[in-house]
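In: Provided below are the primary sequence and the corresponding predicted coordinates.
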Amino acid sequence: MYKISYNITANNKSSFRSEGNDETDFIPENDIPLFQRNTLTDVLYDIPDIPEETNPPADDDDVIYAKPKVNKVMRIKNESFEEIALLGTGQFGEVVLAKTIGLSLKDLRLDKTDDDKFATVRVAVKKIRENQSDESIIALKKEIKFMSQLDHNNVVRLLAVSAESCQEQFIVMEYMENGDLNKFLMDHSFTDSHPPEENELSPNILLSFCIQVANGMSYLSSRNFIHRDLASRNILVGPDYIVKVGDFGLSRNLYDSSYYKVSGKAKMPIRWMAKECFYGKFSEVTDLWAFGVTVWEIYMMSRDYPYSFMTDQEVIDNALKGFNCVLLEKPETCPERVFSVIVKLCWSKERKTFAQVHKELVHADQRLYQYCDVLHWN
């Protein structure tokens, strides 16, 4: 689900966070961009072990940081769910829509109060393709371990894994009925047959999407999780306009054109990447850069893709200019105050934290406070 980067420094969660006024604070002068190296795949997909102790930053009074807790994840057999439809394919295999059979909602972490409450619920089942490499199996086990720590209203939950006796291995995740945000926005975009006055996505709803994603990312960041591929395609939409950060491993198949394959190596989402990413350096602030692009996508209603006026090579050349690069222009529907938050806190040398961005976005429109209370964001 997540590509994870843990730092083991004493005082700062992010080894690559810029604290000064010079870009050389986080980009060594003699460093070589990833697309000029031969180690790209290792840099992108090497997931280190969790350190026994983590050291969150002490400079943000608005966030309470806690040591990650590994929750007990239910193990189930194939007979515990019935497949309904194929959702797509990913790195490890197929992802199918299924419904549960005779499973306790509390054991699935869907109900925290009733031990005896059983109901049929729809879930997304990631089926693991046979003959995986040892490296893939290790990565998969780490994915399960990391995901078992996550419990937040704006992050997709891991519900169960296959029993050890199962011949076919699988992961069960909560199902978001409205699919990914990219397609959801396109389906509600303005067209000749669907004029703006009929569009049900009000300005408050679009801003709520941004706030919810920032909320989920703030939670992940507080646990030292780095997503590395934040974009509208990796955000899932549930009922009542609830959105959650996630990645079923589908996006690189369903949205292949959003990734650029560099010199025969791994594909990279270059149009969402900050300069540091091209040097193999990922942190909260690089996720913040991608979040800014994601906000741009939301207000564009996915009618266009970032830097569509540039070729892939031009996008790379532009990104390597760092803070002197050409930035995306404000979408017409995006409030000036919201876009100023993105430019200042996500795309500048003063990039901050997701907690601060979340706070500023909520303040961007006082009328949203009541709507936030209805959604019960934590």
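Out: That came in fine, so what should we check first?
In: Surely Glu82 is in a strand?
Out: Yes: counting by DSSP: H, G, I helix; E, B strand; the rest coil, Glu82 is part of a strand.
In: hey, what's it bridged with?
Out: Lys99 (DSSP bridges).
In: Give me the below-cutoff pLDDT ranges for the stretch 251-378 of the chain.
Out: The model of the stretch 251-378 of the chain has pLDDT under 70 over residues 251-266, 365-378.
In: the strands in it, which residues?
Out: Ranges of strands within the stretch 251-378 of the chain are 260-261, 267-268, based on DSSP state E, counting those that start in this stretch.
In: Quick check, Phe118 in contact with Lys106.
Out: No: judged on CB atoms under 8 Å, Phe118 makes no contact with Lys106 at a distance of 9.6 Å. Every C-beta, even on glycine, is put in place using the N, C-alpha and C of the backbone.
In: shared neighbours, the two?
Out: Here Phe118 and Lys106 have no joint contacts, going by CB atoms under 8 Å, 6 or more residues apart in numbering.
In: Report the next helix or strand after the top helix by length along the chain in sequence order.
Out: As assigned by DSSP state H, the longest helix anywhere in the chain is helix 203-222. Per DSSP states H and E, the first helix or strand lying C-terminal to helix 203-222 is strand 235-237.
In: for this structure, what spans make up the helices?
Out: Counting by DSSP H, the helices of the chain are 40-45, 134-147, 181-187, 203-222, 251-254, 284-299, 312-319, 336-345, 354-363, 368-375.
In: what number of residues lie near Lys275?
Out: 21 (other CB atoms under 10 Å).
In: Report how many residues lie close to Ser80.
Out: Neighbours around Ser80, by other CB under 10 Å: 20.
In: Okay, it and Ile235: tell me how far apart.
Out: 28 Å (CB to CB, to the nearest Å).
In: Read off the pLDDT value for the closest residue to Leu110 other than its chain neighbours.
Out: Nearest residue to Leu110 in three dimensions, chain neighbours excluded: Val121, at 6.6 Å (CB to CB, 6 or more residues apart in numbering). Looking at Val121, its pLDDT stands at 88.
In: Ala98 is in contact with Val121, correct?
Out: No: Val121 lies out of contact with Ala98 (CB under 8 Å); the separation is 9.7 Å.
In: Looking at the two, which one has more neighbours?
Out: Ala98 (23 against 17).
In: which residue packs closest to that one, ignoring adjacent ones?
Out: Nearest residue to Ala98, sequence neighbours excluded (CB to CB, 6+ apart): Phe81, at 4.2 Å.
In: which residues sit in contact with the one you found?
Out: Per CB under 8 Å, 6+ apart, neighbours of Phe81: Ala98, Lys99, Thr100, Ile101, Leu103, Val123, Val125, Val172.
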